[in-house]
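Visitor: Got a predicted structure here, sequence first:
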Amino acid sequence: MADTQHAPANATEVNDKSPGIEQVDAVDPISELKTQQRGVAEDEISNEQRRLEKKIICRVDIRLVSILGILYSIAGLDRVNLSNARAAGMNADLGFNIGNRYSIALLVFFITYFLFEMPSTLSLRHVGPKLQLNGFVFSWGLVMLGMGFAKDWRVIVVCRMLIGIFEAGFLPCCMYLLSSWYQRFEVQQRMALWYMINLFVSAFGNILAYVLIKLNGAHGIAGWRWIFIIEGTITIGFAFIGYLFVLPFPDQMLSSGKTGPFTPEELEIVLDRVERDRGDSDPDHLTFKKVLRHSMSWPLWVYGFMFLCCSAPIYAFAYFIQTILSTMGFSTAKVFLLCAPPYLFSMIWTYVVAILADRTHLRMPWMVLNSAITLTGLLLTAYHHNNAVRYFGVFLGVSGCNANLPTIIAFQSNNVRSNSRRSVGSGVQMLFAALGGIYASCTFMEREYPTYRTGVWCAVATQFLLILLVALMWWYFTRCNKKADADPVNNAIQEEKEFRYTF
């Protein structure tokens, strides 16, 4: 019996030398990496580990950043195509040139956007990113399609309210999802790439609208209606594509066993990277008590005001760039074509800022620089008499405010830990995106056409406010970090002794 019992062990020793058994028993480098990196500080990670991690994160980039960027760009396109339809004849057909009808149509979108943003963000983990995000896309695409058949200006207003409901949670949900996959000082580049897709589509969205206008009269349908019909149909199609490619949260994928294109070991590596960076890879359960407690944290509201300062000029340019260019004496065709270059240039500047901000581990100086660029562009566009200089001002204004969007989002993401706090923080921050749209819609008043001086100075004021808020947070972060360094136990930042605010 003894010989029989030892036989398998001896057989295994012999067979270990065979190629077939070696392939089965060989150590998986990903499993080895997962074991090695647990509890290891960031500066102690080996080059081999970094190479393997880079490959995994590159796959996340391709799968997650690209599809979220495409879906958000469609949201941005659908959100501002009202201005294209207005320039293409909707004013005359539905009477949007009467009174404040156009401003009302712009405003109601942001009211529902504001009301439904927080609930949409807080429900993301429960519903799941795949279903919730693509359900939103399908819904607003359907409404957009219906706008092409509106016979009364009030129908457009109701449709804009519905689109506000469906688009409300999309941006903060994207930000929340992206931040769960990346470390703090690599997240802005991803957000910039995600946002660059939106800028690219915005650049050519006006040209697409001009092409669609050329369908005027086809099948007895006006050109401006084709903008809504075609773009709505495209949106619905991308909702089904998005459902196939959008990734859930990494911890949800791992716990459910539905790992998609990744192995369980690769997902653990993703979570371990987040853990060693900010110590919150394990999601804490979101409760009503936590929502109230996090909502009382004043820095979250400062991040929100920062985003208002950024979003107000973004919406101002998005909704009024055609009007601004038309005052320079260009034809309708040239106006649509000239809308593209400023957004293409802003793509380059946005990514340059993102790379430098991630490499320097600084956000605040770039926020101040972009604010200065934005307010310079606004003033040149409004007050200079030379059309070439005014157009240059559009380049500056569009580039500065758009580059600040991923910078401010990354700034908030870097300085908030725990999933529950990040969920609430994203919701609060994006509430102010809606307020920025309301602010722009109300301050750029139709009766001040073509100068919109009140709107310009209100937008300039937001940039000065942003600079003041940066100074406030610099003082607060410095104070908190010094206290935590002196006594990390009693002055732990956001319940974590090792966590420090970043500038």
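Guide: Here it is on my side, so go on. Numbering: from 1, shown residues only.
Visitor: For Leu177, see how far away Pro264 is.
Guide: 20 Å (CB to CB, to the nearest Å). Using the backbone N, CA and C atoms, a C-beta is placed for each residue, glycine as well.
Visitor: So between these two, which is more surrounded?
Guide: Legend: neighbour count by other CB atoms under 10 Å for Pro264 and Leu177, higher for Leu177 (21 against 14).
Visitor: Quick check: that one touching Pro129?
Guide: Yes. Assessed by CB atoms under 8 Å, Leu177 is found in contact with Pro129 at 5.4 Å.
Visitor: Show me the strands in the protein, by range?
Guide: Counting by DSSP state E, the chain forms no strands at all.
Visitor: Show the low-confidence segments of it, by residue range.
Guide: 1-44, 278-286, 446 (pLDDT under 70).
Visitor: Counting by contacts, list what the lengthiest helix in it packs against.
Guide: Longest helix in the chain by number of residues, with DSSP state H as the criterion: helix 453-486. Helices and strands touching helix 453-486, by 3 or more CB pairs under 8 Å, 6 or more residues apart in numbering; DSSP states H and E, are helix 298-326, helix 364-383, helix 419-443.
Visitor: Now mean neighbour count and distance to Leu212 too, for the ones you listed, in a markdown table please.
Guide: Shown next, in a markdown table, are the helices and strands packed on helix 453-486 (neighbours: other CB atoms under 10 Å; distance: least, CB to CB, whole Å):
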| stretch | mean neighbour count | distance to Leu212 |
| --- | --- | --- |
| helix 298-326 | 23 | 15 |
| helix 364-383 | 21 | 27 |
| helix 419-443 | 24 | 24 |
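Visitor: between the ones you listed, which gets nearest to Trp474?
Guide: Closest approach to Trp474 among those (CB to CB): helix 364-383, 6.0 Å.
Visitor: residues making contact with the closest one?
Guide: 306, 309, 313, 324, 353, 356-357, 389-390, 392-401, 403-404, 407-408, 411, 451-453, 456, 459-460, 463-464, 466-467, 470, 473-474, 503 (CB atoms under 8 Å, 6 or more residues apart in numbering).
Visitor: filter those residues to the buried ones?
Guide: 306, 309, 313, 324, 353, 357, 390, 392-401, 403-404, 407-408, 411, 452, 456, 459-460, 463, 466-467, 470, 473, 503 (16 or more other CB atoms under 10 Å).
Visitor: Surely Tyr449 is in contact with Thr323?
Guide: Yes. With contact defined as CB under 8 Å, Tyr449 counts as touching Thr323 (7.0 Å).
Visitor: measure Ile165 to Tyr315 for me?
Guide: 18 Å.
Visitor: Then Ser202?
Guide: 12 Å.
Visitor: go on, Tyr476?
Guide: Tyr476 is 28 Å from Tyr315, by CB to CB.
Visitor: picking up where we left off before, I'd like to know which of the helices and strands packed on helix 453-486 is closest to Ala105.
Guide: helix 419-443 (9.1 Å).
Visitor: packing partners for the closest one?
Guide: Looks like helix 419-443 contacts helix 101-122, helix 124-127, helix 170-179, helix 288-295, helix 298-326, helix 387-414, helix 453-486 (3+ CB pairs under 8 Å, 6+ apart).
Visitor: Could you check the angle it makes with helix 288-295?
Guide: Helix 419-443 runs at 60 degrees relative to helix 288-295, counting by axes from the mean of the first three to the mean of the last three CA atoms, to 10 degrees.
Visitor: Determine how far helix 419-443 lies from the middle of the whole chain.
Guide: 12 Å (CA atoms, centre = their mean, to the nearest Å).
Visitor: and the angle from it to helix 101-122?
Guide: Using the same axes, to 10 degrees, helix 419-443 lies at 180 degrees relative to helix 101-122.
Visitor: Flag every buried residue along stretch 336-356.
Guide: 336, 338-340, 342-347, 349-351, 353-354.
Visitor: Name the nearest of the residues you listed relative to Ala75.
Guide: Nearest member of those to Ala75, counting by CB to CB, is Tyr343, at 15.7 Å.
Visitor: neighbours of the closest residue to the closest one other than its chain neighbours, just the number please.
Guide: Take Tyr343 and drop its neighbours on the chain: the residue closest to it by CB to CB, 6 or more residues apart in numbering is Ala203, 3.6 Å away. When neighbours are counted by other CB under 10 Å, Ala203 registers 19.
Visitor: Wait, Ala203 touches Ile348, no?
Guide: No. The pair Ala203 and Ile348 does not pass the contact test of CB under 8 Å, sitting 11.5 Å apart.
Visitor: Please name the residues that touch the nearest residue to Tyr195 once chain neighbours are set aside.
Guide: With CB to CB, 6+ apart as the criterion, Tyr195 has its nearest non-adjacent residue at 5.1 Å, and that residue is Pro406. Counting by CB under 8 Å, 6+ apart, Pro406 touches 188, 191-192, 194-195, 350, 354.
Visitor: measure Pro406 to Leu244 for me?
Guide: 26 Å.
Visitor: Look up the closest residue to Val302, ignoring the ones flanking it.
Guide: Leu469 (5.7 Å).
Visitor: From Ser120, how far off is Pro172?
Guide: Taken as CB to CB, the span from Pro172 to Ser120 is 7 Å.
Visitor: likewise Lys130?
Guide: Taken as CB to CB, the span from Lys130 to Ser120 is 15 Å.
Visitor: And for Thr443?
Guide: 26 Å.
Visitor: and what of Leu133?
Guide: Counting by CB to CB, the gap from Leu133 to Ser120 is 10 Å.
Visitor: which neighbours do those two share?
Guide: Common neighbours of Leu133 and Ser120 (criterion: CB under 8 Å, 6+ apart): 170, 173.
Visitor: picking up where we left off before, now list whatever residues contact both of Pro172 and Ser120.
Guide: With CB under 8 Å, 6+ apart as the test, Pro172 and Ser120 both reach Gly427.
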